[in-house]
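In: All I have is the shape, not the residue letters:
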């Protein structure tokens, strides 16, 4: 059957127009929506968030954080760590008098051990100024020879019940620490050792790492 030329041309244009409208050859890049109600209809004035992995600002922050962590980890110990740990371990099982500035107190024992290795622990009289000559580390960068101090968050410089000091003698593959501590239980002045220790500060306290 012969189709009139005009009808053929009209149908051809319509089919081509439909094809281009249904599947454009260059589609706009889809925007991935990370809003909390992505399935809901959003007002036309709301601009959807996009995942931009090329953002200079975001990349800069991430790289800066990594570099800071690396730099912290490289801070050296300025004393003989082995001599410090040796003295601390030699005192395990012994006890000393406790009370203000007495040798059985946890921080006084830690000072004694660090100084035995030549560490410059000459800070002041509270849980913060005591570490004037030390570098604050992170738990992720903690190493043998570092001190962990339980610090009261609301008033870090206060000596309150819960403040405690330990010496790290080893870092275990499972993330726990080997430590030596004094005056645990409180008032005993007893030096003890724990080969699988995880910081567990009381409520309202945080575990702070210091390196001399």
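Out: Thanks, I have it. This is a predicted model, so every value here is computed, not measured.

In: Roughly how far does the nearest residue to residue 189 once chain neighbours are set aside sit from residue 205?
Out: In space, and not counting its chain neighbours, residue 189 is closest to residue 104: 2.6 Å by Cβ to Cβ, 6 or more residues apart in numbering. All C-beta spots, glycine's among them, are computed from the backbone N, C-alpha and C. Here the criterion is Cβ to Cβ, to the nearest Å. By it, residue 104 lies 21 Å from residue 205.

In: and the residue nearest to residue 189, what element?
Out: Using DSSP states H and E, residue 104 maps to neither a helix nor a strand.

In: Next: residue 114.
Out: Using DSSP H and E, residue 114 maps to helix 106-116.

In: all helices of this protein, in order?
Out: Counting by DSSP state H, the chain has helices at residues 5-22, 56-73, 81-90, 106-116.

In: Please work out the average pLDDT along the first one.
Out: If I follow you right, that is helix 5-22. For helix 5-22, mean pLDDT is 45.

In: Ok, the second one next?
Out: The predicted model assigns helix 56-73 a mean pLDDT of 61.

In: Could you number the chain from 21 rather than 1 from now on?
Out: Noted, 21 is the first residue going forward, which turns the last one into helix 76-93.

In: Do I have it right that residue 153 meets residue 142?
Out: Yes. Judged on Cβ atoms under 8 Å, residue 153 makes contact with residue 142 at a distance of 5.8 Å.

In: Now do the same for the nearest residue to residue 215 once chain neighbours are set aside: its pLDDT.
Out: Leaving aside its sequence neighbours, residue 215 sits nearest to residue 198 (Cβ to Cβ, 6+ apart; 4.7 Å). Residue 198 is assigned a pLDDT of 98 by the prediction.

In: helices or strands next to the helix holding residue 134 in the packing?
Out: helix 101-110, strand 167-172, strand 184-191, strand 197-202 (3 or more Cβ pairs under 8 Å, 6 or more residues apart in numbering; DSSP states H and E).

In: one step back: what sits against the residue nearest to residue 209?
Out: 115, 116, 117, 118, 202, 203, 208, 209, 210 (Cβ atoms under 8 Å, 6 or more residues apart in numbering).
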